[in-house]
Structure formats: C-alpha cells, structure tokens
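1. Make a model of this:
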Amino acid sequence: TSKRPSGTAQPSPNDFLRAYLELFAKGYNCFLVLTVPESKSGTYNSALLAAGLFREHHPKAEVNIEVVDTGTTAAGIEHLAQEAVELITQGEFLSHIVEQLRYLAGKVEIFLALDKIDYISSSGRIEALSSTKLKETLLHYAQGLASWFARATHRSPKVVISLKNGKEKIAGLSRFYPQATGIMGREIEKRV
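-> Have a look, this model is predicted:
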C-alpha cells in the first residue's frame with residue numbers, strides 16, 4: 001500500500017569504498033568480502049568496483065582486497081564466514097582462505113520454501129518462476145494442482161527452491177508448509 005517504491009538492498013560501490021577506507025584508516029590491510037551470487041545481485045560487482053576505486057585512491061598502499069561470490073545467501077554465507085574466521089584464527093594466508101571458501105561455496109546448497117510466488121515471480125530474480133515460465137513450471141511440477149489450489153483458495157502454492165552455485169531450481173511444490181518441509185528434508189537426505 002506504500003506510495004513510495006521500494007529501494008534496493010544492494011550496497012553501492014561507494015558503500016563498499018567507504019568501508020574499505022574506514023578499515024584502512026584503522027590499520028587493516030587485508031579485506032575479505034563475501035557476497036550473494038553475482039547472478040542474483042550486483043553486490044559482487046559493487047564490491048569489485050570499490051576495490052578498484054580504493055586502489056586508485058591509494059595506489060601505493062599494500063592492501064589486499066578479495067571479493068568472493070559465494071553462490072549462496074543467508075545461512076550459506078554465514079557458514080562460509082564462520083569457516084573463514086576459523087581459518088583466520090589458525091593463521092592461514094588470505095589466498096588460502098579464499099581458495100578454501102571458493103571450494104566450499106561449490107558444496108553449499110540452501111533450500112527455501114516460498115509462501116507466495118507472486119512477488120518473486122514478477123521480480124525475475126528466480127528464473128524458473130519468471131512470468132514467462134511460471135505457468136509451465138507450475139504445471140510441470142504440480143500437474144495442475146497448484147493452479148487449481150491457487151484459484152480455489154486464493155492462496156499461492158508453497159514452492160521449494162534450492163540455491164547452489166548461484167543457480168536456483170525448483171525442488172518441489174506443495175499446498176502447505178509441512179509438506180514443503182518434507183520435500184526439503186527428502187532433498188537433503190538425498191545429498192547426505
């Protein structure tokens with residue numbers, strides 16, 4: 001109902017540059033930046049652009065800025081950040097930490113159960129739910145059940161999505177959350 005359009009959560013290059021400059025002023029010379037997937041947000045590119053701007057402002061500074069596209073979000077990034085902290089505590093070099101994080105990022109997969117698909121399908125963020133593929137996707141995975149359910153109850157089906165390496169795929173579709181969590185559980189068991 002807001003008359004004001006929603007803004008972006010993506011930090012600008014200036015936001016990153018300001019953070020780099022503040023850390024540099026405090027004496028830090030190694031920066032590790034973990035971002036959401038480049039395929040889903042411009043955050044990765046903002047962080048890289050800011051690193052270039054930092055080098056232009058301080059060409060003689062011996063500062064190492066590493067930006068890692070994690071291919072994941074939320075808990076996936078938190079897991080990778082905890083791994084980075086552990087490696088830092090062990091005294092590992094930044095280059096080894098980045099190498100390890102990129103390796104682990106390829107193994108991280110998160111599952112999401114969406115309550116409503118209306119907004120996310122219109123945003124285009126989830127390719128399989130984009131407006132051009134929405135009907136085909138729902139019919140394929142739910143064999144008409146999702147469309148009927150949405151019309152009959154005026155509620156959206158629960159879509160279970162997996163995100164790995166910056167790519168999403170639909171893991172399943174259900175009418176209710178308990179079924180959606182069951183789908184997620186079965187998918188996780190397959191991978192274990």
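
2. and the residue positioned nearest the centre of the chain, which of the three is it?
-> Geometric centre of the chain, nearest residue: T73, 3.1 Å, by C-alpha atoms, centre = their mean. Assigned by DSSP: H, G, I helix; E, B strand; the rest coil, the conformation of T73 is coil.

3. residue at max distance from the center of this protein?
-> Distance-from-mean max, the chain, by C-alpha atoms, centre = their mean: K60 at 33.9 Å.

4. hang on, the earlier thing: and the pLDDT for the residue nearest to the centre of the chain?
-> The per-residue pLDDT reported for T73 equals 90.

5. Could you pull up the residues touching it?
-> By C-beta atoms under 8 Å, 6 or more residues apart in numbering, T73 lies in contact with 36-37, 40, 110, 163. Quick note: C-beta positions are derived from backbone N, CA and C, even for glycine.

6. In JSON lines, list these along with secondary structure and pLDDT.
-> Below are these laid out as JSON lines (DSSP: H, G, I helix; E, B strand; the rest coil; pLDDT from 0 to 100):
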{"residue": "V36", "secondary structure": "coil", "pLDDT": "93"}
{"residue": "P37", "secondary structure": "coil", "pLDDT": "92"}
{"residue": "K40", "secondary structure": "coil", "pLDDT": "85"}
{"residue": "I110", "secondary structure": "strand", "pLDDT": "90"}
{"residue": "L163", "secondary structure": "strand", "pLDDT": "87"}
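
7. of all these, which comes closest to A81?
-> Nearest to A81 among the contacts of T73: V36, at 12.6 Å, using C-beta to C-beta.

8. pretty sure that closest one is in contact with V67, am I right?
-> No - V36 lies out of contact with V67 (C-beta atoms under 8 Å); the separation is 11.7 Å.

9. Overlap in contacts, these two.
-> With C-beta under 8 Å, 6+ apart, V36 and V67 have common neighbours Y44.

10. re the thing from before, before we move on, what SS does the residue farthest from the centre of the chain have?
-> Relying on three-state DSSP, one would call K60 coil.

11. phi, psi of it?
-> phi -100, psi 0 (degrees, to the nearest 10).

12. how far away is it from L17?
-> Here the criterion is C-beta to C-beta, to the nearest Å. By it, K60 lies 17 Å from L17.

13. where along this structure do the strands fall?
-> 30-35, 64-69, 109-114, 158-164, 167-174 (DSSP state E).

14. Wait, Y20 touches A50, no?
-> Yes - counting by C-beta under 8 Å, Y20 does reach A50; the two are 6.1 Å apart.

15. avg pLDDT for stretch 92-106?
-> 96.

16. Can you mark which positions in that stretch are buried?
-> Neighbour-count burial for stretch 92-106, with 16 or more other C-beta atoms under 10 Å as criterion, is recorded at 94, 97-98, 100-101, 104-105.

17. Going by distance to V85, which of these wins?
-> Checking these one by one against V85 (C-beta to C-beta), the nearest turns out to be I97, at 9.7 Å.

18. which one is that closest one nearest to, not counting chain neighbours?
-> Distance criterion C-beta to C-beta, 6 or more residues apart in numbering; nearest residue to I97, sequence neighbours excluded, is L87 at 4.6 Å.
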